[in-house]
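> Sharing a model prediction with you, sequence too.
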Amino acid sequence: MQVPDRVIIAPDVIAQIDLAIEKTSRRRHDWFVHRLEVEIRAQRLPNNPPSNPGFLEQTFFVWWHQMANCGYFDRDAFEIVGQQEVPERVDFVIQPAFQFQTEAKAYGIGVPRLAVELDGRVAHERTRPQVITRDRRDRRLQEAGWEVKHFSYEEFIKDPMPVVQEVAWRAGTLFGPSSPFRWQLATAATIGALKTGDHA
């Protein structure tokens, strides 16, 4: 299957993203915001967007990849995947880069689980039953071994950058070069090499 080389973002979504950008401190992030705006309009975005994304998911997706492009975090250590059933449906799963997933499977090492949820006003925060359903879903995910980063509409839209930074920081502690997960992989690889005699 041919993968598209860009993500098409609807004009009304771009307008809403522009509004969110306007609410961000330009004194702190002026250079970054300018580049983000250029990238959005040129639609030079990665080719793995979430399926059927809403405004919040598209906005998070854009901010995530552009912050990675600007060097805010190491995109080679982990990756973002949208709209997953794990077993509850979540907006995003942050997981190790494919090579580390493969190594973990080969060595029988468990992979930390990190999910991201962004609450829309209408679907999650409008009524009390919606809030109860949301909280129950979070508990089911946690019981299944998932760590859930859950953000409200207001928190994310007011300033997307700290939200993305928080998720990326946590992903780094779970999957980055100094994480226990990566140390387990390195240790398993060393032991495997010693057993086979494949070492200097």
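Received it, and whenever you're ready, just let me know what you need. Numbering: from 1, shown residues only.

> Flag the shaky bits of the protein, pLDDT-wise.
1-54, 120-127, 197-200 (pLDDT under 70).

> Tell me where it has strands.
Applying DSSP state E to the chain gives strands spanning 78-85, 89-96, 113-118, 146-151.

> Which elements pack onto the second one?
When contacts are defined as 3 or more C-beta pairs under 8 Å, 6 or more residues apart in numbering; DSSP states H and E, strand 89-96 sits against helix 55-69, strand 78-85, strand 113-118, helix 160-175. C-betas here are computed from N, CA, C, even on glycine.

> Reformat the ones you listed into JSON lines and put mean neighbour count and distance to A144 next to each item.
Below are the helices and strands packed on strand 89-96 laid out as JSON lines (neighbours: other C-beta atoms under 10 Å; distance: least, C-beta to C-beta, whole Å):
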{"stretch": "helix 55-69", "mean neighbour count": "21", "distance to A144": "22"}
{"stretch": "strand 78-85", "mean neighbour count": "17", "distance to A144": "11"}
{"stretch": "strand 113-118", "mean neighbour count": "22", "distance to A144": "8"}
{"stretch": "helix 160-175", "mean neighbour count": "19", "distance to A144": "16"}
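
> Let me see the backbone angles for S152.
Backbone torsions of S152, given as degrees, to the nearest 10, read phi -80, psi 160.

> What sits closest to it if chain neighbours are left out?
Excluding the flanking residues, the one nearest S152 by C-beta to C-beta, 6 or more residues apart in numbering is D119, at 5.2 Å.

> And for P160?
Spatially, and ignoring its direct neighbours in sequence, P160 is nearest to W63 (4.7 Å; C-beta to C-beta, 6+ apart).

> now that neighbour: how far from G110?
To G110, W63 is 29 Å away according to C-beta to C-beta, to the nearest Å.

> ok so, going back, list the contacts of the residue nearest to S152.
Contact analysis of D119 by C-beta atoms under 8 Å, 6 or more residues apart in numbering lists L56, E125, R134, H150, F151, S152, Y153.

> Tell me which two of those sit farthest apart.
Spatially, the most separated pair among the contacts of D119 is L56 and R134, at 13.9 Å (C-beta to C-beta).

> ok, the spatially closest residue to A68 that is not a sequence neighbour - contacts?
Excluding its sequence neighbours, the residue lying closest to A68 (C-beta to C-beta, 6+ apart) is R75, at 3.9 Å. For R75, the contacting residues are H65, A68, N69, by C-beta under 8 Å, 6+ apart.

> phi, psi of R75?
phi -80, psi -10.

> hmm, back to that, for the contacts of R75, which one is nearest I191?
A68 (32.7 Å).

> And that closest one, how far from V86?
Per C-beta to C-beta, A68 is found 22 Å from V86.
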